[in-house]
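# Sequence plus predicted model, see below.
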Amino acid sequence: MNSNGMQTVYKCNPNAEPSPTSARRLSKYEYTQSVYLLVSTLPTTELTTVKAAMAALLMSVPEDSGLKFDSDDYGITEGHTAAYYTVARGLATEIVKSDTRLKAFAGSCASISTTPSASCVSAFLTQKAMQILRRPLTEVEIATMSSDMAGKWKSLLTRLLMHPSFLFQTELEGSAVKSGILKVSPYELASRISFHVVKQAPDAALLAKAADGSIMQKEVIRSEIKRLISTYPLQATYSADKFFEGWMAYKRVAHPVAGSSAPIKAFTSGQTLQRDSLIAELTNMTRYYLNQGQGSFEDLFLSPYSFASNADLASLYGVAAYNPASDTMVAFPQKQRAGLLNRAAFLISGNVDTSPIIRGLRVRREFLCEEITPPPASIAAMVRDPVFDPTLSTRVRFENKTASTACMGCHVAINPLGFSLENFDGYGRFRTVEKVFDPVSGELLNQIPVDPVVQPQVTLHDSRSISSSAEFHELISESGKARACMVESFYRYIHYHAANREADSCDLLEMDELASSPGGLNKLFYEAPLTDRFQLRKLD
């Protein structure tokens, strides 16, 4: 049990050392926002023009292809290098187009037509250049860049914008806590906080807190997090949305079946459904429980409310459309759909049939964080969709198909999770009877009662039976495994590498306790920077 009296999979080992963290390339979004932040001091009329020019150049930066989060993509290609130079040179060119821009960017002493004084260059390198590199320049760097300057503002700006300290989140300083473990420097902490909360480099105000050392105080961290959210609300929303998008794997949400064939027309009964509506519900839901609803993980996971703001999905649910700007909650009828996994986004199969194996695998892998080894090709072929038989339910057909000993070694952990969701058809609609349509003519051939009774074995020795998806959610929630899976995704999001349950046990337990407390999702997301582990770095 954790400190909130909730079941937990973690046990803190105070002697364990945290996992090492390496330097990482900024994601495209972080890089873009950091570029825009640098020019934010330009006059409004100039800023609009410069941002428009930069937007075109920034499009050349390759998109991230992280497995779960954008930050999972550590690769740097020739495309990145070329794009970074294009942006750096382009921004420098824009800045030196007029004295107005240069003075606003580099200081009132700067001018295009005259060679700057040594004091002017020094002031730039100790102030604006520090914001670009997110740390003070060393004496050697200042001396080298000053001697190379010779009035060439464009070259100096390009050089700074191509510096590894701008393109990467690097951590090279810190004070020793014990052998091999450092407490990051104030400037490094400022970057950690800003990149987590708003996905951009720290602004001047946050760097000032690093300069005077006050950022190391928890009350100052808390205050700065609130300020960042207030000052950069769109970036803060984006950061939170990207976490939930990665944790729940929005990329894997299927497109609802559509078309004019007879079977599809018979199956959909004239209803249309857009994939964007499915994603919008998840976004509305997570934003609510993170912010205005301020719920715990359990509040989100067991939620009895619809967050379908688009008419097509609300109609499918049989409820009024949810208004994100209103405090009015929309309850599902008779709690038919209570629970996160009962949202259409996780039930859509992309065809007229359900896919209980895919559903079961998704629950095991993405919501319980359990590895299911892919079967050998010979066995995989055996468990492809069973032969159509209008006299048998989907459940029975898949049970028969996977009944062999070779299959059940894995499917004993997969099938029950998928079968527990058979009260929802391949379009995500609630049902108690499965309608079987002719795959050619679309004729209704049979109606078979759904059997929702399963022993899901969420944990190894739990043989309890459940008869509804609501009970299924309660069983999962009670185990603490789904919360742990979300916590480990969050650890990966905030520390940019996968958690190690042994080395990071204390940090994971602390996050687990935050997530399960009242207002836990908000606490997890915005109080994680207050934890001791957030300020530590293990030498690689």
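Looks like it came in fine.

# Start from the N-terminal end of the chain and give the strands.
24-25, 168-169, 175-178, 181-183, 305-306, 330-331, 433-437, 444-449, 536-538 (DSSP state E).

# What's the mean pLDDT across the second one?
If you average the pLDDT over strand 168-169, you get 96.

# Contacts for that strand next, please.
Residues outside strand 168-169 that contact it (Cβ atoms under 8 Å, 6 or more residues apart in numbering) are Ala23, Arg24, Arg25, Leu26, Ser191, Arg192, Phe195. Yep, even glycine has a C-beta here, placed from its N, CA and C like the rest.

# make it 10 Å
21-27, 30, 71, 76, 134, 188, 191-192, 195, 201, 496 (Cβ atoms under 10 Å, 6 or more residues apart in numbering).

# and if you look at the last one?
By Cβ under 10 Å, 6+ apart, the residues outside strand 536-538 that reach it are 17-22, 171-174, 177, 180-185, 188, 192, 503, 507.

# mind redoing it with 7 Å?
With contacts defined as Cβ atoms under 7 Å, 6 or more residues apart in numbering, strand 536-538 is touched by 17-21, 171, 174, 177, 180-184.

# which parts of it are buried?
Using 16 or more other Cβ atoms under 10 Å as the test for burial, strand 536-538 gives Leu536, Arg537.

# Could you give the separation of it from the chain centroid?
23 Å (Cα atoms, centre = their mean, to the nearest Å).

# what are the pairing partners of that strand, and which direction each?
Using DSSP bridges, strand 536-538 pairs in its sheet with strand 181-183 (antiparallel).

# how about the partner strand: buried residues?
Of all the residues in strand 181-183, those buried under the rule 16+ other Cβ under 10 Å are Leu182, Lys183.

# what does that strand rub up against?
Contacts for strand 181-183 (Cβ under 7 Å, 6+ apart): Glu17, Gly174, Ser175, Ala176, Val177, Gln535, Leu536, Arg537, Lys538, Leu539.

# would JSON lines of these with distance to Asn4 be doable?
Below are the contacts of strand 181-183 laid out as JSON lines (distance: Cβ to Cβ, whole Å):
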{"residue": "Glu17", "distance to Asn4": "26"}
{"residue": "Gly174", "distance to Asn4": "33"}
{"residue": "Ser175", "distance to Asn4": "33"}
{"residue": "Ala176", "distance to Asn4": "34"}
{"residue": "Val177", "distance to Asn4": "28"}
{"residue": "Gln535", "distance to Asn4": "24"}
{"residue": "Leu536", "distance to Asn4": "25"}
{"residue": "Arg537", "distance to Asn4": "29"}
{"residue": "Lys538", "distance to Asn4": "29"}
{"residue": "Leu539", "distance to Asn4": "34"}
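
# quick check: mean pLDDT across stretch 283-297?
96.

# got it, and stretch 352-366?
Averaged over stretch 352-366, pLDDT sits at 93.

# which stretches of the stretch 351-500 of the chain have low pLDDT?
Applying pLDDT under 70 to the stretch 351-500 of the chain picks out residues 378-384.

# all helices for it, in order.
Listed in chain order, the helices of the stretch 351-500 of the chain (DSSP state H, counting those that start in this stretch) span 356-362, 377-382, 394-401, 405-419, 469-479, 481-495.

# out of those, which comes closest to Trp153?
Closest approach to Trp153 among the helices of the stretch 351-500 of the chain is made by helix 481-495 (37.4 Å; Cβ to Cβ).

# next one: that closest one to chain centre, how far?
Counting by Cα atoms, centre = their mean, helix 481-495 is centred 10 Å from the centre of its parent chain.

# Using PDB, list the CA coordinates for that helix.
Output in PDB follows, covering the C-alpha atoms of helix 481-495 (Å, rounded to 0.1, in the frame of the first residue of the first chain):
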ATOM      1  CA  LYS A 481      -1.100  -1.700 -12.100                       C
ATOM      2  CA  ALA A 482      -2.800   0.700 -14.400                       C
ATOM      3  CA  ARG A 483      -1.700   3.600 -12.300                       C
ATOM      4  CA  ALA A 484       1.800   2.300 -12.200                       C
ATOM      5  CA  CYS A 485       1.800   2.000 -15.900                       C
ATOM      6  CA  MET A 486       0.800   5.600 -16.300                       C
ATOM      7  CA  VAL A 487       3.400   6.700 -13.700                       C
ATOM      8  CA  GLU A 488       6.100   4.900 -15.600                       C
ATOM      9  CA  SER A 489       5.000   6.700 -18.800                       C
ATOM     10  CA  PHE A 490       5.100  10.000 -16.900                       C
ATOM     11  CA  TYR A 491       8.600   9.200 -15.600                       C
ATOM     12  CA  ARG A 492       9.700   8.600 -19.200                       C
ATOM     13  CA  TYR A 493       8.100  11.800 -20.300                       C
ATOM     14  CA  ILE A 494       9.700  14.000 -17.600                       C
ATOM     15  CA  HIS A 495      13.200  12.300 -17.500                       C
END
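
# most packed of the helices of the stretch 351-500 of the chain?
Compared across the helices of the stretch 351-500 of the chain, helix 481-495 shows the largest average neighbour count, a mean of 23 (mean count of other Cβ atoms under 10 Å).

# Could you list the residues in contact with that one?
Under Cβ under 7 Å, 6+ apart, the answer for helix 481-495 is 9-10, 21, 68-69, 196, 243, 246-247, 297, 301, 367-369, 458, 476, 498-499, 504, 507-508, 511-512, 515-516, 524, 528.

# In helices, which of those fall?
196, 243, 246-247, 297, 301, 476, 507-508, 511-512, 515-516, 524 (DSSP state H).

# contacting residues around the closest residue to Leu57 other than its chain neighbours?
Among residues not flanking Leu57 along the chain, Gly90 sits closest, at 4.4 Å (Cβ to Cβ, 6 or more residues apart in numbering). Counting by Cβ under 7 Å, 6+ apart, Gly90 touches Ala53, Met54, Leu57.

# residues in contact with the residue nearest the centre of the chain?
Residue closest to the mean C-alpha point of the chain, counted by Cα atoms, centre = their mean, is Phe243 at 1.9 Å. Contacts for Phe243 (Cβ under 7 Å, 6+ apart) come out as Phe490, Tyr493.

# how about 6 Å then?
Tyr493 (Cβ atoms under 6 Å, 6 or more residues apart in numbering).

# Could you report the pLDDT at Met149?
Met149 is assigned 65 on the pLDDT scale.

# what pLDDT does the residue nearest to Leu57 get?
For Gly90, the model assigns a pLDDT of 97.

# State the distance from it to Leu161.
10 Å (Cβ to Cβ, to the nearest Å).

# how much space between the most far-flung residue of the chain relative to its centre and Ser147?
When each C-alpha in the chain is compared with the mean C-alpha position (Cα atoms, centre = their mean), Thr114 comes out farthest, at 48.2 Å. Thr114 sits 18 Å away from Ser147, going by Cβ to Cβ.

# re earlier: would you tell me which of the strands of the chain gets closest to Asp389?
Among the strands of the chain, the nearest to Asp389 by Cβ to Cβ is strand 433-437 (8.8 Å).

# Adjacent strands (with direction) for the closest one?
Next to strand 433-437 in the sheet, as set by DSSP bridges, lie strand 444-449 (antiparallel).

# For the strand it pairs with, what is the distance to the chain centroid?
41 Å.

# again, but for stretch 125-136
Computed by Cα atoms, centre = their mean, the chain-centroid distance of stretch 125-136 equals 30 Å.

# Quick one: mean pLDDT for it?
Averaging pLDDT along stretch 125-136 yields 94.

# try stretch 301-317
97.
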